[in-house]
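Asker: quick one, fold the following:
(2 chains, ligands or ions: 1)
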Amino acid sequence: MKKSIVHIQNLNLKYQSNLVFDDLSWAIQNGEQWVLYGASGSGKTSLAKAIAGLLEYSGEILINFDDKSKLPAKVLLVDSWYQFKNLEGVANFYYQQRYTSQQAKETLTVNAELMYFGKENHLAFADAEPILIALGFERLKNSQLIQLSSGEHKKLQLVKALWLKPQFLIIDQPYTGLDSASRENLNILLDDAATGGVQLVLISNDQALPSCINRFAEIKDGRLAIANEAFKISALPNGSLGEIPRFLREAPKYSSELIAKMVDVNISYGEKQVLKNIDWEVKAGEKWLLQGPNGSGKSTLLSLINGDHPQSYANKIYLFGNRRGSGESIWDIKQHIGLISPEFHWYFDNNSTVWGSIASGLYDSLGLFKTLPYSKTIEVDELIKFFGLTENKNDLFNTLPLGKQRLVLLARTIIKNPELLILDEPCQGLDHQQTQYFNQLIDELCTNGITVIYVGHYESQLPSCLEKRIFLEEGKVKLIEEIKKEKVQEHFELVL
Amino acid sequence: MSNYFNTLPLREKLNQLGVCEFMDSSEFADGVDALKGKKLVIIGCGAQGLNQGLNLRDSGLDVSYTLRKEAIDGKRDSWKNATENNFKVGTYEELIPSADILINLTPDKQHTAVVKAVMPLMKQGATLSYSHGFNIVEEGMQIRKDITVIMVAPKCPGSEVRAEYVRGFGVPTLIAVHPENDPQGKGLAQAKAYAVGTGGHKAGVLLSSFVAEVKSDLMGEQTILCGLLQTGSILSFDKMMEKGIDAGYASKLVQYGVEVITEALKQGGITAMMDRLSNPAKIKAFEISEELKNIMRPLFQKHQDDIMSGEFSKTMMEDWANGDKNLLKWRAETGETAFEKTPAGDVKINEQEYFDNYTLMVAFVRAGVELAFETMVQAGIKPESAYYESLHETPLIANTIARKKLFEMNRVISDTAEYGCYLFDQACKPLLKDFMKKVGTDLVGKNFNEGKDGGVDNKKLIEVNETIRTHQVEKVGAVLRRAMTAMKAIKTA
Ligand SMILES: NC(=O)c1ccc[n+]([C@@H]2O[C@H](COP(=O)([O-])OP(=O)(O)OC[C@H]3O[C@@H](n4cnc5c(N)ncnc54)[C@H](OP(=O)(O)O)[C@@H]3O)[C@@H](O)[C@H]2O)c1
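Answerer: All right, here's what the predicted structure looks like:
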């Protein structure tokens, strides 16, 4: 009988002094391509890290590489939450940096990064080309790493992995942040890799998986339970969320009927134009869905509204009734807005407490530098209670699981009851149940007439309050339309 | 032109050296009003120029850039920085005549030429601003009498000035008005508004004078900040090589060690840094730092004397005139040291290990910070100024060493600092020769506590703690740090 490729026996694993796995055993046989699924915090990522040799464990993990294979005898893990480094190996960046042109380069270009990776692993550059094309990455070759969005960083990791073709490839959340076209192409690439002899383990609660996947398992209660099919989403009981704090039930105080207006807006970096002739108007109380493929300019568009983009000064933009660049400060703009995005999350101040993180939303600062008036401390406490975070109130932000960190950031956006909520892929990286809970919260919160701009790739994962849709493609407005209520509902139920 | 400071009578010298007041946040209640609607034109778009300009514009002010013609025609980096961020850019002739506030952010070495070129173009009653007072104080630049001359000096590199601003904070800043040039008495109000525009008022603003800023800045950068960190790093590395410690390990310990060790300074001064050591190591570090202070005191005093008398800037300007002969020679020599040429090894060193295995650097830092501070205060500089130019900046400079060793440090700091740093290093190494002979691997390279039982004499320990804690730099520091507790911790690799 042929040896199994991976053989795990009596694995014991701890995470922050809690036992995650107790005597876990698992074997991967030749020809098997696996998907692991499970709730957030179930230990999927820890298991992957242990196999990749990145976590300490006790017990046995044996990997039998095939010495006849031409593929490198390596285990490669593609992380779900990836933080890149600068030229000197430090990750000391700030959120707005990617929008600022600076000739003193702090990070490599995509091309240089790939060259470096290729050289280190003795790869031929020609082999990377088709992967770059399939994932729509060629146009980013000359971009600085700092300029990439979280979805684009994810893709870069995938490009590297598929180019290297290690004998054993583990991908944690392969689809997070990817637009639907890239998603389909990724599945084709993964099928190719599997045919070429790569052993796959995907960690994902998704159902649109590559066709090579033939084994499934659920990680639950510290065990690995073999399953017959991919994760099935079960509808959450639409439980009530508790009562929204009174200060959030009041309608936001609008300073103008017009929240944002852009007239023929253009943004470029050197030769590269990222937004072209944008005309768009957002009125008080409207609920927008902003969509478009990775790199179509969504985040840049939002950065113009949030006062984060240096090039807004030379464009015709009106925010909250005032022409941009007419003497207002960025803090004057930000006080009207609550914002959350995966990139914002990257650069968030990890060292503050949950309470401090939420309170800092009152001043739009990363970190809390002021003492709150008593009435505001009460509101922070009420909001924390409503979000079910009371127990975590004094915990450090970065010790919470991802889903809770996002809840904290959502609470932070809403704390001042702003006129405009910018929710840029707020659920990226969350599982279906968390997403559902999160969107339900948003639906509840916006009954007070707040204005919303929501970015999300998948129809099935949207709050139901959205009414209008703007679609970007290659920096241009492709389409603006009303969302037909039934349509969203329908999509929503279909998946449930 | 002659040295401005030397033209002053003693009374006025002391007077200006002694200007130093930590400003209450209520002083900034008017925000940027004093500059609202005025035309701010920045000369130069480098590290300070670009980042200060971005902040000022984001605070609602009207900012544009004027660059020398070659930079515009050649589409140099400075031109790209400004235009790609949608700033208006023009030649001196185009922008300066309408400027209300002209902000000079070119390298110090160029100031005389730049200011001579722009002054005739400035309108009556305009303001000229600097971020460092060298030109005014050491070169004695005379500014037209109708022009107001102010200084707003962020005590951080340009990148930090921006990063802290966008997260809603700022960096500590020194402001000053040149007493010879404040014809309308508006200088202070404008300097304050400027500090609000860059976010400095959130982290603490010190009202200083051109003289106090220059004399303390020069002293700090040549002695503790760059000079001693360079000498200490090279000597430590060489010692480990001599004793057969693995070169990759030694290189990493020295490169990142200064940053980790001095990070403690930011939070709790010398006391916090010393408290990271075990009791026996602390006593040892205390003893050798006392010894180091005695050995180096005359050298620190010589540097301060030369700065005060103008001797330092005179010799440096001679070197400028001589095509930077000495500077370039010393720069090349630094690039050739064994430490610089040995890449940091791929070894993991945890945070505490940097303290335990590099007790020598802790001693160097304590000795250097205290000496620089004491020498400045003795020379008539106020303790608050002396604090910013010694203890406060040490971790910021250490961060540049962690990035790319001494070469990076010397690239980032100003030409003036680089020159002074080499000058100090040249003199300090021979001075420490005998001292270094006695140093073993217990102080650098291996864990000091290894093979020791950890016992100490109570009385001795209390005495040592008392001496560390009651030093004036600790008392002043505690007050000033309270104002900037919110500054982000520097991340280490
Ligand atoms: N670096 C710091 O940490 C720091 C901290 C506080 C204060 N400061 C002070 O800030 C000032 C600027 O320093 P920096 O570090 O920002 O300098 P920098 O990065 O070297 O930038 C200098 C700028 O001036 C331009 N320039 C150079 N020579 C010129 C000339 N002859 N005429 C006109 N423009 C010229 C350069 O552009 P082109 O060459 O393209 O013309 C460049 O944009 C100095 O006074 C310094 O002491 C620096």
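
Asker: tell me how many other residues surround whichever residue of the stretch 301-450 of chain B sits closest to the ligand.
Answerer: Evaluated by C-beta to the nearest ligand atom, the stretch 301-450 of chain B has residue B:414 as its residue closest to the ligand, separated by 4.8 Å. No exception for glycine: its C-beta is placed from N, CA and C like everyone else's. A count of neighbours around residue B:414, defined by other C-beta atoms under 10 Å in any protein chain shown, yields 17.

Asker: could you find the closest non-adjacent residue to it?
Answerer: Using C-beta to C-beta, 6 or more residues apart in numbering or on different chains and skipping residues adjacent in sequence, the residue nearest residue B:414 is residue B:108, 5.9 Å away.

Asker: my guess is the one you found contacts residue B:132, does it?
Answerer: Yes - counting by C-beta atoms under 8 Å, residue B:108 touches residue B:132, with 5.9 Å between them.

Asker: and for the two, which residues touch both?
Answerer: residue B:414 (C-beta atoms under 8 Å, 6 or more residues apart in numbering or on different chains).

Asker: settle it for me: which of these two has more neighbours?
Answerer: The neighbour comparison of residue B:108 against residue B:132 (other C-beta under 10 Å) goes to residue B:132, with 23 against 19.

Asker: phi, psi of the more buried one?
Answerer: phi -160, psi 140 (degrees, to the nearest 10).

Asker: now do it against the ligand, distance only.
Answerer: In this view, residue B:132 and the ligand are 3 Å apart by C-beta to the nearest ligand atom, to the nearest Å.

Asker: for the ligand, see how far away the residue in the stretch 251-400 of chain A that chain B sits nearest to is.
Answerer: In the stretch 251-400 of chain A, the residue that lies nearest chain B is residue A:365 (2.6 Å; C-beta to the nearest C-beta). From residue A:365 over to the ligand the distance is 23 Å, taken as C-beta to the nearest ligand atom.

Asker: how many neighbours does the residue lying closest to that residue once chain neighbours are set aside have?
Answerer: Counting by C-beta to C-beta, 6+ apart, residue B:168 is the residue found nearest to residue A:365 once chain neighbours are left out, at 2.6 Å. If you count neighbours by other C-beta under 10 Å, residue B:168 ends up with 22.

Asker: what residues does the stretch 351-496 of chain A put near chain B?
Answerer: Within reach of chain B by C-beta under 8 Å from any C-beta of the partner chain, the stretch 351-496 of chain A has these residues: A:351, A:360, A:363-369.

Asker: make it 7 Å
Answerer: The stretch 351-496 of chain A comes close to chain B at residues A:351, A:363-367, A:369, as judged by C-beta under 7 Å from any C-beta of the partner chain.

Asker: contacts only, for residue A:350.
Answerer: A:397-398 (C-beta atoms under 7 Å, 6 or more residues apart in numbering or on different chains).

Asker: for the closest residue to residue B:107 other than its chain neighbours, grab the count of nearby residues.
Answerer: Excluding its sequence neighbours, the residue lying closest to residue B:107 (C-beta to C-beta, 6+ apart) is residue B:415, at 6.4 Å. Residues near residue B:415, counting by other C-beta under 10 Å, number 18.

Asker: tell me the pLDDT of residue B:415.
Answerer: Confidence at residue B:415, expressed as pLDDT, is 83.

Asker: ok, it - contacts?
Answerer: Counting by C-beta under 7 Å, 6+ apart, residue B:415 touches B:107-109.

Asker: wait, which of these is closest to residue A:60?
Answerer: Nearest to residue A:60, judged by C-beta to C-beta, of those is residue B:107 at 61.9 Å.

Asker: burial count for the closest one?
Answerer: There are 14 residues near residue B:107, going by other C-beta under 10 Å.

Asker: phi, psi for it please.
Answerer: With angles defined as degrees, to the nearest 10, residue B:107 shows backbone torsions of phi -60, psi 150.

Asker: again with residue A:457
Answerer: Backbone torsions of residue A:457, given as degrees, to the nearest 10, read phi -80, psi -30.

Asker: how about the nearest residue to it, chain neighbours excluded?
Answerer: Closest residue to residue A:457 apart from its sequence neighbours, by C-beta to C-beta, 6+ apart: residue A:179 at 5.5 Å.

Asker: again with residue B:16
Answerer: residue B:211 is the one closest to residue B:16 (C-beta to C-beta, 6+ apart), at 4.0 Å.

Asker: that neighbour and residue B:12: what is the separation?
Answerer: 9 Å (C-beta to C-beta, to the nearest Å).

Asker: higher neighbour count, those two?
Answerer: Neighbour comparison, residue B:211 and residue B:12: the larger count goes to residue B:211, with 28 against 13 (by other C-beta under 10 Å).

Asker: okay, strands next: where are they in the stretch 301-450 of chain A?
Answerer: A:316-319, A:322-323, A:337-340, A:420-424 (DSSP state E, counting those that start in this stretch).

Asker: so what secondary structure elements neighbour the longest helix along chain B?
Answerer: Longest helix in chain B by number of residues (criterion: DSSP state H): helix B:279-309. Using 3 or more C-beta pairs under 7 Å, 6 or more residues apart in numbering or on different chains; DSSP states H and E as the contact test, the elements touching helix B:279-309 are helix B:210-220, helix B:359-378, helix B:415-431, helix B:433-438, helix B:458-469.
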